[in-house]
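Participant: Provide a 3D model corresponding to the input given below.
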Amino acid sequence: MAEQRRPGASPPGFEPPEYPTDTHPPSPKEGASTGNVLAAPPRPRVPTGASPAQGTPARPPAQQGAPERRPVGPSPFLERRPASPEQRRMAQLPTEQLPPVPGDKRGPAVPSIDMASVPMERRTAPPVASSMEVTPLPGELQRRMAPSVPSIDMAAVPMDNRRAAPPVPSMELPPIPVDRRSAAPGGAAPERRTSAGTAQRRAAMAAPADEGGTNGGGAWRFWPAQPRSLADTGLNATMVEELILKAIFYAGEMRGMDIANRLKLPTSVIEDSLEGLRRQKYIDIRGGGGSGVGKSTMIYQLTTFATDVLRQILDRNRYNGPAPIPIQEWVEAVRKQSIRGNRITRQRMEDKFGDLIIRDYIFDGIGPAMNSGRAIFFYGPPGNGKTAICQGMVNCFEGEIFIPHAILIDDFVVRIFDNILHKPIEEESGSPSYDRRWVRCRRPLVVVGGELTLEMLDLVYSPEVKYYEAPFQMKATNGMLLVDDFGRQKVSPKDLLNRWIVPLESDVDMLTLHTGKKVQVPFDVFSAFSTNLDPSDLVDDAFLRRVRYKLEVQPPDEELFHQIFDVMCQKRGVPYDSEMVQYLIDKHYKPAGRRFAACQPRDLLDQMIDMARYLGVEPQLDQDLVDSAVRSYFVRFDKGR
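Facilitator: Next up, the predicted model:
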């Protein structure tokens, strides 16, 4: 039959330019070699009476890949006979659901269908392409070679087929209990993934055990983790940007590392804020300062665009210092560093009091009080070591604490750290890092005396700087507060006791902002009251009920007076002479009826040393120096003259 050109069809040997649909050559078949390439599909037989120009589908576009291989020479018309129902059904089977076919017998890909709709006995049937004949494989071999189907219903598969099928992917299996999970390679347990915020909070709760991370009660110590992002600080971007602008304003110009040190935040945390201020044209870079590469060495200064916004910031708050801590984090830290529930023994107390001579009844009185952390009331004649006892008591509490530079209450800054009251600890080499907005200190001892007023027990707001100063009891948190010379304050003892009744009972103190809002803060303080006045004239039953421990500090006797004199001579470098101490007692105490006091050996010995230096002689205990010290020391209190 003579060759005729069917409309829309092209001979396989050339490409007409008016049909741009076949611009990409098909890729070679998988598994075919160079010498055995299937150049074109076999020509199907044309049934009798069928027209070659009717029912022929459009040629699919070729795939991009290797150059197209076409047969040489003329080609007859491509004719297709109508497909049978069985062939149409098999043409719809998905390629990925069928067993593998040798590369030299593979046909074109066919569209996929839902395998769940195919009867079970037909699922493993080999695919039959519409343009070629493939010899079917045995049924048992098909079942073994068939890949696993994640969506298949395993309950409908016979048991023998389930055993021969490959394992189902792990995402389709039910979860394995934790106690049955196998360890990871190398013997390590499988790692449990947690979010960065959760891990950060867990790290902020406790310190490693090898770092001495337990307090006297055996609980984990608070250890603030170093923030890695702005979200870890608990502050918003506006607060950090305002602190940066105020720091640059007060300094004139600052390097990036100096700003980070001023705010006590890592450089990586404030870099985004610095870049944001630059985009807003509030700050600009003047140049690099010193060695190093990066934003930390760049020098920043304010621009004229920051004048108005800086005026608004300073009108609201002029605090210039480390970034504050949110009050919620501070409350959690106070709870974990509590002064309550310690385990202090007699042996530890004797070691911590040093050379201070304490009677047994005093140890037995203050020991249980320190273990409870509740208030204690000292009374007795003056000069017998009530204040010195309190200073030794605070040394008995183990463990260091972290005190924030400042906290944030409703966008108001409250400064807590006081370099006079709080004693920082020198950092050891190799100690773990922590949030520098906290200061690692010893437990504080805050002593207030006759200068105490009711206003000093509340938040102190300064209209000039527009931020708060924490009261004394707040600065003594997790430490000890001693109200010395109780009854001699400017405020009446009754009003002062009424102020302390609620905190001593509930461990919660109520403070007032200048706006009138009440703020609840923890009262985790070991309170001590000391007086040399008659307690019956100062306190009532309600106060005595809340102060559980009461202790009278009695004056020393003659034997203890000798011991105290001996200890003070060793500390002052003066030779001790027991005969001269006895001369002092027989000549100046017994005839005048003077009572001994624990502070007198120290005071009299200092008087003798001053007189000896004045006379140009070596300090020692002799009769002339003893008489001179007594005349200048007791003259004001000797009512017999």
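Participant: CA only for contacts and neighbour counts going forward, please
Facilitator: Noted.
Participant: nearest spatial neighbour of residue 404, skipping sequence neighbours?
Facilitator: residue 438 (4.2 Å; CA to CA, 6 or more residues apart in numbering).
Participant: quick one: contacts for the closest residue to residue 400 other than its chain neighbours?
Facilitator: What sits nearest to residue 400 in space, not counting adjacent residues and going by CA to CA, 6+ apart, is residue 442, at 5.0 Å. The neighbours of residue 442, taking CA atoms under 8 Å, 6 or more residues apart in numbering as the test, are 399, 400, 401, 422, 423, 424, 425.
Participant: low-scoring stretches of this protein, by residue?
Facilitator: For the chain, the stretches with pLDDT under 70 are 1-220, 287-294, 635-641.
Participant: re the thing from before, from the contacts of residue 442, pick the one nearest residue 380.
Facilitator: residue 422 (29.0 Å; CA to CA).
Participant: For the closest residue to that closest one other than its chain neighbours, grab the count of nearby residues.
Facilitator: Leaving aside its sequence neighbours, residue 422 sits nearest to residue 444 (CA to CA, 6+ apart; 5.7 Å). Neighbouring residues of residue 444 were enumerated by other CA atoms under 10 Å; the total is 24.
Participant: Also residue 430?
Facilitator: Residues near residue 430, counting by other CA under 10 Å, number 6.
Participant: From residue 551, how far out is it?
Facilitator: Taking CA to CA, to the nearest Å as the measure, residue 430 falls 44 Å from residue 551.
Participant: rewinding a little: max pairwise distance over the contacts of residue 442: which two?
Facilitator: The largest separation in these, counting by CA to CA, is between 399 and 422 at 14.5 Å.
Participant: Among the two, which residue is more densely surrounded?
Facilitator: More crowded of residue 399 and residue 422, by other CA under 10 Å: residue 422, with 20 against 16.
Participant: mind listing what that one touches?
Facilitator: By CA under 8 Å, 6+ apart, the contact set of residue 422 is 441, 442, 443, 444.
Participant: any chance of these in TSV, plus distance to residue 268?
Facilitator: As requested, these are exported to TSV (distance: CA to CA, whole Å):
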residue	distance to residue 268
441	26
442	30
443	32
444	33
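Participant: on that earlier part again, which ones among the contacts of residue 442 are found in strands?
Facilitator: residue 401 (DSSP state E).
Participant: Which ChimeraX command selects the buried ones in the contacts of residue 442?
Facilitator: Only the buried entries of the contacts of residue 442 go into this ChimeraX selection, using 16 or more other CA atoms under 10 Å:
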select :399,400,401,422,423,424
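Participant: so which of the contacts of residue 442 comes closest to residue 481?
Facilitator: When the contacts of residue 442 are compared for distance to residue 481 (CA to CA), residue 422 wins out at 12.5 Å.
Participant: Quick check: buried residues in stretch 528-544?
Facilitator: Applying 16+ other CA under 10 Å to stretch 528-544 flags 528, 529, 530, 531, 532, 533, 535, 543 as buried.
Participant: Just put those in JSON lines and tack on secondary structure and distance to residue 346.
Facilitator: Listed next are the buried residues of stretch 528-544 as JSON lines, based on DSSP: H, G, I helix; E, B strand; the rest coil; distance: CA to CA, whole Å:
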{"residue": "528", "secondary structure": "strand", "distance to residue 346": "20"}
{"residue": "529", "secondary structure": "strand", "distance to residue 346": "22"}
{"residue": "530", "secondary structure": "strand", "distance to residue 346": "22"}
{"residue": "531", "secondary structure": "strand", "distance to residue 346": "25"}
{"residue": "532", "secondary structure": "coil", "distance to residue 346": "27"}
{"residue": "533", "secondary structure": "coil", "distance to residue 346": "29"}
{"residue": "535", "secondary structure": "helix", "distance to residue 346": "28"}
{"residue": "543", "secondary structure": "helix", "distance to residue 346": "28"}
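Participant: Residue 613: which of those is nearest?
Facilitator: Set against residue 613, the nearest of the buried residues of stretch 528-544 by CA to CA is residue 532 (34.2 Å).
Participant: what's near enough to touch the closest one?
Facilitator: Counting by CA under 8 Å, 6+ apart, residue 532 touches 379, 380, 381, 382, 485, 486.
Participant: Select from those the one having the most neighbours.
Facilitator: Most neighbours among the contacts of residue 532, by other CA under 10 Å: residue 486, with 25 neighbours.
Participant: hmm, back to that, among the contacts of residue 442, which lie within helices?
Facilitator: Using DSSP state H, no member of the contacts of residue 442 falls in helices.
Participant: where along the stretch 201-350 of the chain do the helices fall?
Facilitator: With DSSP state H, counting those that start in this stretch, the ranges of helices along the stretch 201-350 of the chain come out as 230-233, 237-251, 256-263, 267-279, 306-316, 327-336, 346-352.
Participant: Need the winner for burial among those helices.
Facilitator: Stretch with highest mean neighbour count among the helices of the stretch 201-350 of the chain: helix 256-263 (a mean of 20; mean count of other CA atoms under 10 Å).
Participant: Show me what it is packed against.
Facilitator: For helix 256-263, the contact count by 3 or more CA pairs under 8 Å, 6 or more residues apart in numbering; DSSP states H and E identifies helix 237-251, helix 267-279, strand 298-302 as packing neighbours.
Participant: Show me the one of those that comes nearest residue 612.
Facilitator: helix 237-251 (52.2 Å).
Participant: contacts for the closest one?
Facilitator: Applying CA under 8 Å, 6+ apart, the external contacts of helix 237-251 come out as 230, 254, 259, 262-263, 270, 273-274, 277, 300-302, 310, 313-314, 318-321, 323.
Participant: Next, the angle from it to strand 298-302.
Facilitator: Angle of helix 237-251 versus strand 298-302, following axes from the mean of the first three to the mean of the last three CA atoms, to 10 degrees, is 90 degrees.
Participant: and the angle for helix 237-251 with helix 267-279?
Facilitator: Going by the same axes, to 10 degrees, helix 237-251 makes 80 degrees with helix 267-279.
Participant: Keeping just the C-alphas, turn helix 237-251 into CSV.
Facilitator: Only the C-alpha atoms of helix 237-251 are listed here, as CSV (Å, rounded to 0.1, in the frame of the first residue of the first chain):
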residue,chain,number,x,y,z
ALA,A,237,12.3,44.3,71.8
THR,A,238,11.1,47.8,72.8
MET,A,239,12.5,47.5,76.3
VAL,A,240,15.9,46.3,75.0
GLU,A,241,16.0,49.1,72.4
GLU,A,242,15.2,51.7,75.1
LEU,A,243,18.1,50.4,77.3
ILE,A,244,20.5,50.6,74.3
LEU,A,245,19.5,54.2,73.5
LYS,A,246,19.9,55.3,77.1
ALA,A,247,23.2,53.6,77.4
ILE,A,248,24.6,55.4,74.3
PHE,A,249,23.0,58.7,75.4
TYR,A,250,24.7,58.7,78.8
ALA,A,251,28.1,57.5,77.4
